[in-house]
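K.L.:
Give me coordinates for this.
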Amino acid sequence: MAGLIGIGSDIRRQSLGAIAGLAGQETQRNMLNEQLKAQKKAAENSTIGTGAGIGLKLGLDAAGATKTVATAAPSAVQAAGLKGGVEAGMASSAAGVEAGTAAATTATTEVAGLTGGQALLAALPWAAAGVGIALLVNKLFD
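P.N.:
From the prediction side, this is the model:
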C-alpha cells in the first residue's frame, strides 16, 4: 500500500510542478503582451507628436514666420514633437497630442522669436491636420 501512496505522491508532485511551470509561462506571456501594447502606444503617440510638429511648422510657414524659422526650426520642431509624444508615452493619445503640440509650439516660438499669437493661431489648423494624418497613418499600419 505504501508503494501506491508513494507513486501517487510522485505523480501529484510532478503534476503540481507542471502546473506551476505553465502558470509561469502564462505570466511571462502576459507581461510580454503588455510590453508590446506599451511599445505600440508609445509609437502611436510619437507619430502623433511628429504630425503635430510638422503641421505647426507648415502652418507657421503659411503664416509668414518662415524667414527666421526656415533653417533652424524643422529639426527643433521635429525633435520637440517626438520628445513630447514619447514622454507622454502611455498616458493616452490625447496626452501625446497635447504634449507633442505643446513641445513643438514652444520650440517653434522660441526659434522664431514670435511674441504674438496670430502666427500660432494661423498654424493650429495645420497642426490639427498633421495630427489627423498621423492618426490615419497609425490606423493604416495597425
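
K.L.:
okay, stretch 34-42 in CSV with CA atoms only?
P.N.:
The C-alpha coordinates for stretch 34-42 follow below in CSV (Å, rounded to 0.1, in the frame of the first residue of the first chain):
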residue,chain,number,x,y,z
GLU,A,34,1.6,44.2,-22.1
GLN,A,35,5.1,45.4,-23.1
LEU,A,36,4.1,45.1,-26.8
LYS,A,37,1.0,47.1,-26.2
ALA,A,38,3.0,49.8,-24.4
GLN,A,39,5.5,50.0,-27.2
LYS,A,40,2.7,50.3,-29.8
LYS,A,41,1.1,53.1,-27.8
ALA,A,42,4.4,54.9,-27.5
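
K.L.:
what about that stretch, average pLDDT?
P.N.:
Mean pLDDT, computed over stretch 34-42, is 93.

K.L.:
So which bits of that stretch are buried?
P.N.:
Using 16 or more other CB atoms under 10 Å as the test for burial, stretch 34-42 gives 41-42. For the C-beta atoms, the positions are set from N, CA and C on the backbone; glycine is no exception.

K.L.:
what do you get for stretch 41-52?
P.N.:
By 16+ other CB under 10 Å, the buried positions in stretch 41-52 come out as 41-42, 44-52.
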